[in-house]
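**Q** using only what follows, build the 3D model:
(chains A, B, C and D)
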2 protein chains.
Amino acid sequence: MIKTIDGATAGRRELKRRQTRERIEEAAMSLFLERGFDATTVEEIAERAEVSKRSFFDYFPSKEEVVFAWQDGFADHLMAAIASRPADEPAVKTVQHGLVSAIVSAADERAMALGELIRSTPALKARDQLKYAKLELKLTEALKARSRSDEERLRVRLLAAVVIGALRAGGELWNEQPPGTSLETFAHRFFGDFWKTLADFGYEGQDL
Amino acid sequence: MIKTIDGATAGRRELKRRQTRERIEEAAMSLFLERGFDATTVEEIAERAEVSKRSFFDYFPSKEEVVFAWQDGFADHLMAAIASRPADEPAVKTVQHGLVSAIVSAADERAMALGELIRSTPALKARDQLKYAKLELKLTEALKARSRSDEERLRVRLLAAVVIGALRAGGELWNEQPPGTSLETFAHRFFGDFWKTLADFGYEGQDL
DNA sequence: AGGATTTTTGCATCGAGTGCAAGTTTTTAC
DNA sequence: GTAAAAACTTGCACTCGATGCAAAAATCCT
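**A** Numbering: from 1, shown residues only, chains lettered A, B, ... in the order given. The predicted model follows:
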């Protein structure tokens, strides 16, 4: 039995398994980007990854999941970032920092191409939206864990909903931004505007 | 050629077509609710609706679409409700009234069962989230049409995002409500809390 | 009625996804 | 080091959703 640096067991078995998984991911992504999601068959992916079609489904439950597997990283990063903030920090601040941190670390060349692929494939669009819902759920849980009163827990559910909404709207806005803009700067500026606008909405809604 | 009250042409052809569509919808829904979405095959639906499997796909592009077809009504109602409000009313107020009106008119026995079906079927969950995204888009467009300045148009995008977030969170909360609660009362109370909470968030975010 | 048009159907086909049993590789225990 | 146990891979057969196409049936128009 071989031990890795981080203490996880990694016999030949697990090692090979991880490599195979990566090979499949690699093969799938390159094919998707070459000819599109729908025009790529699982058999072609399996062939390029040098496994059988049947084994593909041993690693990924469906063709779609290959696209979204790596995106779990975003949620994980966000959770970690939130957990690392002081416990007495206001939730609003915690969330903004967590999100900006996760966004900046997730936005690379690959992510952009992926985004384009998703946007241009109806079947993936639906699955993509589900990701936001899952993220919202996780965010709610993470924030609930930090809150003390029951009242705070209700607020936190709304905060998650609102902030994920902002994430989507912000993403759209970012795509319309001239190239060369700094993502971090944009994100901070966007949130600044966002809280201000929220205050306005809240104020306007008071007398209803 | 036969003319109907509303002036739309309705020869035997169109009439029969509408009837068939309804029969398929009826057949599909009853089967979905009886044995679940996945356990129902298109062939069974076609059989109960007395059409061929091939014809099913002439009326609906996919099995999933049967579930979501009727839900277009919600968006339409919302658009109409928004259009009917005075043009100089603040957007926040317009949106709240529109949503409450659409919610109340859409929430019947059937809708509840549908909701449960969707919640318990992973494949439908994803498609359901897409509906929110589409609704957000439509809402944004409807509000943009009412706004005059460019600045207002940006605000309106955020308002749509935030308010659809509230719709989802509110829906969840409603499902946890004791039975017998008035939906309209609940909705108005919820929005009241919502704007207040929004104001808090906005205030807390200012000093970032 | 009867020719033109639209709808419905059957059939063949593709691709995603699953269950199963047989074959292969890695691990573990002696 | 070897052999049994456990985990992994593969091929095969099959189900089901979805699409294209051409023949057949229903409807429309004059």
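**Q** got the contact list for residue A:48?
**A** Residues near residue A:48 by Cβ atoms under 8 Å, 6 or more residues apart in numbering or on different chains: A:27, A:30, A:31. Every C-beta, even on glycine, is put in place using the N, C-alpha and C of the backbone.
**Q** drop anything exposed from these.
**A** A:27, A:31 (16 or more other Cβ atoms under 10 Å in any protein chain shown).
**Q** let me know the closest of the contacts of residue A:48 to chain B.
**A** For the contacts of residue A:48, the closest approach to chain B (Cβ to the nearest Cβ) belongs to residue A:31, at 22.4 Å.
**Q** can you give me phi and psi for the closest one?
**A** phi -70, psi -40 (degrees, to the nearest 10).
**Q** contacts only, for the nearest residue to it once chain neighbours are set aside.
**A** Leaving out its chain neighbours, the residue that sits closest to residue A:31 by Cβ to Cβ, 6 or more residues apart in numbering or on different chains is residue A:40, at 4.4 Å. Counting by Cβ under 8 Å, 6+ apart, residue A:40 touches A:28, A:31, A:32, A:34, A:63.
**Q** of these, grab the buried ones for PyMOL.
**A** Of those, the buried ones go into a single PyMOL selection, burial set by 16+ other Cβ under 10 Å:
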select buried, chain A and resi 28+31+32+63
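**Q** could you chop chain A up by domain?
**A** A:12-62, A:70-205 (automatic domain parsing).
**Q** reformat the ones you listed as TSV; add mean pLDDT and distance to DNA strand C.
**A** TSV is the format used below for the domains of chain A (pLDDT from 0 to 100; distance: least, Cβ to the nearest atom of the strand, whole Å):
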stretch	mean pLDDT	distance to DNA strand C
domain A:12-62	94	3
domain A:70-205	92	9
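**Q** nearest to residue B:76, of those domains?
**A** With Cβ to Cβ as the criterion, residue B:76 lies closest to domain A:70-205 of those, at 20.8 Å.
**Q** so which of the domains of chain A is the most surrounded?
**A** Ranked by mean neighbour count under mean count of other Cβ atoms under 10 Å in any protein chain shown, those are led by domain A:70-205, which reaches a mean of 17.
**Q** is it anywhere near DNA strand D?
**A** No: applying Cβ under 7 Å from any atom of the strand, one finds domain A:70-205 separated from DNA strand D by no less than 9.4 Å.
**Q** measure that domain end to end?
**A** End-to-end distance of domain A:70-205 (Cα to Cα, to the nearest Å): 40 Å.
**Q** helices along chain A, start to end?
**A** A:12-35, A:42-49, A:53-59, A:63-69, A:72-83, A:91-106, A:109-119, A:122-146, A:150-175, A:183-205 (DSSP state H).
**Q** how far out from the middle of the chain is the first one?
**A** Spelled out, that is helix A:12-35. 20 Å (Cα atoms, centre = their mean, to the nearest Å).
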